[in-house]
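Visitor: Model the following, please.
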Amino acid sequence: MDEVVISKAITESYIRDLLEALELDVAIVGAGPAGMIAAYYLAEKGIKTAIFERKLSIGGGIWGGGMMFNKIVVQAEGKEILHEFGIATTEYQQGYYVADAIEVASTLCSQTVKAGAKIFNLLSVVDIVIRKADRVSGLVLNWSSVTLANLHIDPMAIRSKLVIDATGHDCEICRLVTDKLGGKLRTPTGKIMGEKSMWVEVAEKMVPENTKEVYPGLIVAGMAATAVFGSPRMGPIFGGMLLSGKKAAQLAMELLKQG
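Guide: Below you'll find the predicted structure:
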């Protein structure tokens, strides 16, 4: 075995994938449950999709379950999505289903990649590309290590027909629209309304309901939708997140058809 051949294999393979991702149908920011579910359903339909995740690990908050007890709860609708992925659930009592957090995170990742979506970890989104009629048309990327080290190194851009903000509580892409561009979101205030305190019953319904095109070319999903529209947080129940990811994919497909 030759060290240089190994280095070339890694470099050439990665660069090939990155070059392919410079022009996408849908770019998803954040590889949590909503982002991965959206990517899976899009890639399964042959839509060119990639996820950009700033952290080393993917899966968002799934791994820790509730307070580092690595179990999660889903309702009946969420259970059906998990079963599509071959993930087992156990009925705790009527309407409450428990799943292994490790199985959920690892299986979602595996199935999303197998469906054809690319996941790029350790890449941070530092800006967005805006084109005709103030439409989000791409992302500006840099290595996460560059941003963490506060190095002055210029980023590079990709083009995408649509972007999904699945960055969780921080709703980073929507913040770029409001803070950097002064753009008005399709919320009652035109701004990010801020996540409210926990109320599971309301929160679980509102996550998929608030999964919308919140700005031209930009869909918001998962906990980012909660923060943007001012819904309550839901804690370690993940059905709404799964349903939000699926709805984001369906909405993206409809918007792509409209051109």
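
Visitor: Provide a list of residues in contact with the residue lying closest to residue 190 once chain neighbours are set aside.
Guide: Leaving aside its sequence neighbours, residue 190 sits nearest to residue 184 (C-beta to C-beta, 6 or more residues apart in numbering; 3.8 Å). For glycine as for every other residue, the C-beta is placed from the backbone atoms N, C-alpha and C. Residues in contact with residue 184 (C-beta atoms under 8 Å, 6 or more residues apart in numbering) are 178, 190-191, 215.

Visitor: Next, the buried residues of stretch 145-156.
Guide: Using 16 or more other C-beta atoms under 10 Å as the test for burial, stretch 145-156 gives 146-147, 155.

Visitor: Ok, stretch 169-176 next?
Guide: So, applying 16+ other C-beta under 10 Å, buried residues of stretch 169-176: 171-176.

Visitor: And for stretch 112-122?
Guide: Buried, per 16+ other C-beta under 10 Å, within stretch 112-122: 112-113, 115-120.

Visitor: so of the residues you listed, which ones are in helices?
Guide: 112-113, 115 (DSSP state H).

Visitor: Among the buried residues of stretch 169-176, which one lies nearest to residue 50?
Guide: Checking the buried residues of stretch 169-176 against residue 50 by C-beta to C-beta gives residue 173 as the nearest, at 14.5 Å.

Visitor: how about the strands in the protein?
Guide: 23-29, 49-53, 71-74, 90-93, 96-100, 118-121, 123-131, 135-143, 156-165, 212-215, 218-220 (DSSP state E).

Visitor: Give me the contacts around stretch 99-118.
Guide: Residues outside stretch 99-118 that contact it (C-beta under 8 Å, 6+ apart) are 17, 20-21, 31, 33, 36-37, 39-40, 42-44, 46, 49-51, 58-59, 62-65, 70-74, 82, 85-90, 119, 238.

Visitor: Now the two most distant members of the buried residues of stretch 112-122.
Guide: Most distant of the buried residues of stretch 112-122, by C-beta to C-beta, are 115 and 120, 15.8 Å apart.

Visitor: coming back round to it: now, among the buried residues of stretch 169-176, which is nearest to residue 200?
Guide: Checking the buried residues of stretch 169-176 one by one against residue 200 (C-beta to C-beta), the nearest turns out to be residue 171, at 20.3 Å.

Visitor: Please name the residues that touch that closest one.
Guide: Contacts of residue 171 (C-beta under 8 Å, 6+ apart): 165, 192, 220, 223-224, 227-228.

Visitor: Please report how far it lies from residue 220.
Guide: Per C-beta to C-beta, to the nearest Å, residue 171 is found 7 Å from residue 220.

Visitor: any common contacting residues for those two?
Guide: 165, 228.

Visitor: all helices of this protein, in order?
Guide: Secondary structure of the chain by DSSP H: the helices cover 3-20, 33-44, 76-84, 101-115, 144-148, 172-175, 200-209, 223-229, 239-258.

Visitor: before we move on, the earlier item: could you identify the buried members of the contacts of residue 184?
Guide: 178, 191, 215.

Visitor: Who are the contact partners of the last one?
Guide: Meaning residue 215. 136, 174, 177, 183-186.

Visitor: can you rerun that using 6 Å?
Guide: Residue 215 makes contact with 177, 183, 185 under the criterion C-beta atoms under 6 Å, 6 or more residues apart in numbering.

Visitor: Pipe the contacts of residue 171 into a markdown table and attach pLDDT per row.
Guide: Shown next, in a markdown table, are the contacts of residue 171 (pLDDT from 0 to 100):
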| residue | pLDDT |
| --- | --- |
| 165 | 98 |
| 192 | 98 |
| 220 | 98 |
| 223 | 97 |
| 224 | 98 |
| 227 | 98 |
| 228 | 98 |
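
Visitor: And the furthest pair within these?
Guide: 192 and 223 (12.5 Å).

Visitor: who's more crowded, these two?
Guide: residue 223 (29 against 22; other C-beta atoms under 10 Å).

Visitor: Please name the nearest non-neighbouring residue to the more buried one.
Guide: residue 168 is the one closest to residue 223 (C-beta to C-beta, 6+ apart), at 4.4 Å.

Visitor: Tell me the spacing between the one you found and residue 40.
Guide: On the measure of C-beta to C-beta, residue 168 and residue 40 end up 18 Å apart.

Visitor: Perfect, I'm done here.
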